[in-house]
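Participant: what's the 3D shape of this:
(2 chains)
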Number of protein chains: 2
Amino acid sequence: MRQNIFDNENFFNGYRNLRRRDTCYNNLLEQPAMEEMLPDLKDKSVLDIGCGYGYNCLDFIKRGANKAVGIDISEKMLAVAKKESSHPNIEYRRMDMSEISSLNMKFDLVYSSLAFHYAENFKKLTEDIFNLLNDCGVLLYSQEHPIMTAPIDEDMGHFNLDENGNKISYTFSDYNRSGLRKVHWLGEEVTKYHRPMGEILTSVAQSGFIITDVKEPLPKPWALEKLPSIVKEYIKPNFLIIKAVKNKS
Amino acid sequence: MRQNIFDNENFFNGYRNLRRRDTCYNNLLEQPAMEEMLPDLKDKSVLDIGCGYGYNCLDFIKRGANKAVGIDISEKMLAVAKKESSHPNIEYRRMDMSEISSLNMKFDLVYSSLAFHYAENFKKLTEDIFNLLNDCGVLLYSQEHPIMTAPIDEDMGHFNLDENGNKISYTFSDYNRSGLRKVHWLGEEVTKYHRPMGEILTSVAQSGFIITDVKEPLPKPWALEKLPSIVKEYIKPNFLIIKAVKNKS
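Facilitator: Here you go, the predicted structure:
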C-alpha cells in the first residue's frame, strides 16, 4: 500500500512545526536553491508533485504562470493548501505520484520539492513526467541526497566529532544497495527509496531529458548568519536538485 | 607547474606493478564498466586523454577504429606505449590535457580513464573536448568518485569496522569544498582536484553535452569471485563514469 504518512496526525503536526521554523533546512538551503533555478513562468502551466501546503503553487501564479496543478496524497496537506494557498488558477487534486500518467493535461514545468525519495518506481516517474511535458518543458525537482538516504541501518548515517565536539566528518553505508529504506522521523516510521546518483541521473537521461543542472546546494551567507552550525553542510551533501529539459528530437 | 608524477621513477614502477595485478580495481571494476559503455568504433577516430601504456588505443583499433591518438604527459608512459601498443593507425603525443585545444583534428570519441581528477580546470577541459568532437561524437570518461577525492586531510577518508573486523561503513569529509587535494600514494605525494558531483555534471551539461549515462560501477560476479573483499564496494562508490554525446543543435 502507498505510504500516506502526512495524514498521520502526529507526523502532520510535527512536520508543520518543523517547516514553520525559519532555521528549517528547507527554508535555508533547499528552497532558495530551487527558486534560483526556476525557469521563466510567464503564461506557463505548472504541475507540482507533492505540493503540500500549496505555497509553491501560489508562488508560480505570482510569477506569471497561468495555471498550476498541485497534487498530493495527503488530505490534510490539501486541506491546508485549499485554505491558505487558493487561487482561481490553481487546482489541487488528491493523487499519488505513481498515478500522474492519468492526468489529461500538458505542462511547461513539472516541479517537485523533496518528494521523489518516496517514489518506489523512479524510472516510471521520470517517463510519466516526460510524457506530461510540452516540447522544451522543464523538470525541476529536489530530493534528499543519496548519501543521506543510503544507510539501511539509519544509525550508520552520522557526523563524527573531534575532541571539542565539532563536526569533522560524515559516515554512511550501503550507498550501492538501491532500494527500500525505513527511517524514524518525527516519532514515526517513514518509508523511503534510496537510489545511487548514477541510477537517478541515468533514469532522467534515458527517459529522454537533457540534464542541464545538477546542484548540491550550499548555504548562502545569510543562511550561515541565521544558523551558524549549517557550516557543517560543507562536510557532506544534504539535498540533490536536478533540472532537465524535454528533448525536442 | 603541471604535475608529472608518472615520470617519477619510484611512482612509475609502483604503478606498473599495481596495474599488472589482476586484482587491481582498474581491472576488476573500472575497465569492465568502461568497455560495456564504449560506442561502436567501426571506422571512427578516437582521442585517448591520459593514454598511459596505450592498451586502450590498441583496443580501439582492434574494435575497428581507423585512427587513435593517445596523449599523455609522461615520457615513461609513452615509451611503454610505443613499445607495447604501437600500430600504424595510432599516434602517441606527449601533451598535457590542458593543451588539447591545440590539436588540429576532430574525433568521434574522446575517451579518458582515471585522468580527469588530475585536471585543474575541468570546465575548460569539457569545453575543449566538445570542440574536438564531430557532431554526435561521444565523451566517455572515468574518474575517482567525488566521495573518494573529498577529504582534505586524507586520513578522514576511511572504512569503519565492526567488532569482527568487517567493513561496515565509510567516513569522508569536505565533500562540498571543491579544489586541490594532496594525497600520498605509492610512496609519493600526488596532487588531485576534488569536485562535487553537481559541479562535474553541470560542467559537462553546460559545455553543450547531452549526458546519457552516469555510472558508479559495481563488481560483477566474476570480480567478486576473484577478490571477495571487493563486496565492500556496496558500501561506497569508488569510480564515477560519465557518457555524453555532442548536442547537434
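
Participant: the helix or strand of chain A with the lowest mean pLDDT: what's the following helix or strand?
Facilitator: When the helices and strands of chain A are scored by mean pLDDT, DSSP states H and E, helix A:9-20 comes last with a mean of 80. For helix A:9-20, the succeeding helix or strand toward the C-terminus, using DSSP states H and E, is helix A:25.

Participant: now the next helix or strand after that following helix: buried residues?
Facilitator: Downstream of helix A:25, the next assigned helix or strand under DSSP H and E is helix A:31-37. For helix A:31-37, a neighbour-count test (16 or more other CB atoms under 10 Å in any protein chain shown) marks A:Gln31, A:Pro32, A:Ala33, A:Met34, A:Met37 as buried. From N, CA and C alone the C-beta is placed, and that goes for glycine too.

Participant: tell me what helix A:31-37 is packed against?
Facilitator: With contacts defined as 3 or more CB pairs under 8 Å, 6 or more residues apart in numbering or on different chains; DSSP states H and E, helix A:31-37 has these neighbours: strand A:107-113, strand A:133-144, strand A:209-215, strand A:239-246.

Participant: using PDB, list the CA coordinates for whatever helix or strand comes next after that helix.
Facilitator: Once helix A:31-37 ends, the next helix or strand along the chain (criterion: DSSP H and E) is strand A:45-49. Written as PDB, here are the backbone C-alpha positions of strand A:45-49 (Å, rounded to 0.1, in the frame of the first residue of the first chain):
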ATOM      1  CA  SER A  45       1.500  25.900 -16.800                       C
ATOM      2  CA  VAL A  46       3.000  24.000 -13.900                       C
ATOM      3  CA  LEU A  47       2.400  20.700 -12.200                       C
ATOM      4  CA  ASP A  48       3.700  20.500  -8.600                       C
ATOM      5  CA  ILE A  49       4.100  16.900  -7.500                       C
END
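
Participant: strand A:45-49 pairs with which strands, parallel or anti?
Facilitator: strand A:67-72 (parallel), strand A:107-113 (parallel) (DSSP bridges).

Participant: closest one to A:Arg19 among those?
Facilitator: strand A:107-113 (10.9 Å; CB to CB).

Participant: now the closest one against strand A:239-246, angle please.
Facilitator: Per axes from the mean of the first three to the mean of the last three CA atoms, to 10 degrees, the angle that strand A:107-113 makes with strand A:239-246 is 170 degrees.

Participant: near chain B, which residues of chain A?
Facilitator: A:147, A:151, A:156, A:160, A:168-177, A:196-198, A:201-202, A:205-206, A:210-216, A:218, A:233-237, A:240-241, A:247 (CB under 8 Å from any CB of the partner chain).

Participant: got a list of contacts for stretch A:126-140?
Facilitator: With contacts defined as CB atoms under 8 Å, 6 or more residues apart in numbering or on different chains, stretch A:126-140 is touched by A:34, A:37-39, A:47, A:49, A:100-101, A:103, A:105-112, A:203-204, A:207-209, A:241-246, A:248.

Participant: can you rerun that using 7 Å?
Facilitator: Contacts with stretch A:126-140, where a contact means CB atoms under 7 Å, 6 or more residues apart in numbering or on different chains, come from A:34, A:37-39, A:47, A:100-101, A:103, A:106-111, A:203-204, A:207-209, A:243-246, A:248.

Participant: circling back to that earlier point, would CSV of the strands paired with strand A:45-49 with mean neighbour count be doable?
Facilitator: Converted to CSV, the strands paired with strand A:45-49 look like this (neighbours: other CB atoms under 10 Å in any protein chain shown):
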stretch, mean neighbour count
strand A:67-72, 25
strand A:107-113, 23
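
Participant: okay if I get those strands as JSON lines plus mean pLDDT and distance to B:Ser229?
Facilitator: JSON lines is the format used below for the strands paired with strand A:45-49 (pLDDT from 0 to 100; distance: least, CB to CB, whole Å):
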{"stretch": "strand A:67-72", "mean pLDDT": "98", "distance to B:Ser229": "46"}
{"stretch": "strand A:107-113", "mean pLDDT": "98", "distance to B:Ser229": "40"}
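
Participant: any chance of those in TSV, plus distance to A:Arg19?
Facilitator: Shown next, in TSV, are the strands paired with strand A:45-49 (distance: least, CB to CB, whole Å):
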stretch	distance to A:Arg19
strand A:67-72	14
strand A:107-113	11
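
Participant: for A:Ala81, give me its contacts.
Facilitator: A:Cys51, A:Tyr53, A:Gly54, A:Gly70, A:Tyr92.

Participant: redo that, cut-off 6 Å
Facilitator: Taking CB atoms under 6 Å, 6 or more residues apart in numbering or on different chains, we find A:Ala81 in contact with A:Tyr53, A:Gly54, A:Tyr92.

Participant: in chain A, which segments are predicted with low confidence?
Facilitator: A:1, A:248-249 (pLDDT under 70).

Participant: for ChimeraX, write a command that selects the buried ones of the contacts of stretch A:126-140.
Facilitator: One line in ChimeraX is enough to select the buried ones among these; burial here means 16+ other CB under 10 Å:
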select /A:34,37,38,39,47,100,103,107,108,109,110,111,203,204,207,208,209,243,244,245,246
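
Participant: now A:Gly70: closest residue in space that isn't a chain neighbour?
Facilitator: Excluding the flanking residues, the one nearest A:Gly70 by CB to CB, 6 or more residues apart in numbering or on different chains is A:Cys51, at 3.0 Å.

Participant: identify the residues contacting that neighbour.
Facilitator: A:Cys57, A:Gly70, A:Asp72.

Participant: residue contacts, the residue nearest the centre of chain A?
Facilitator: Closest residue to the average C-alpha location of chain A: A:Leu114 at 1.8 Å, with CA atoms, centre = their mean. When contacts are counted by CB under 6 Å, 6+ apart, A:Leu114 touches A:Ser142.

Participant: A:Asp213 versus that one, what's the distance?
Facilitator: 17 Å (CB to CB, to the nearest Å).

Participant: swap in A:Trp222?
Facilitator: A:Trp222 is 22 Å from A:Asp213, by CB to CB.

Participant: comparing those two, which residue is more hemmed in?
Facilitator: The residue with more neighbours, out of A:Trp222 and A:Asp213, is A:Asp213; 17 against 9, by other CB atoms under 10 Å in any protein chain shown.

Participant: which residue of chain A sits farthest from its center?
Facilitator: Centroid-distance maximum for chain A: A:Glu163 at 35.5 Å, with CA atoms, centre = their mean.

Participant: ok but that one is inside a helix, no?
Facilitator: No: according to DSSP: H, G, I helix; E, B strand; the rest coil, A:Glu163 belongs to no helix; its state is coil.

Participant: can you list the buried residues in the helix or strand that contains A:Met77?
Facilitator: Assignment of secondary structure by DSSP H and E places A:Met77 within helix A:75-84. The neighbour-count check on helix A:75-84 (16+ other CB under 10 Å) flags A:Lys76, A:Met77, A:Leu78, A:Val80, A:Ala81 as buried.
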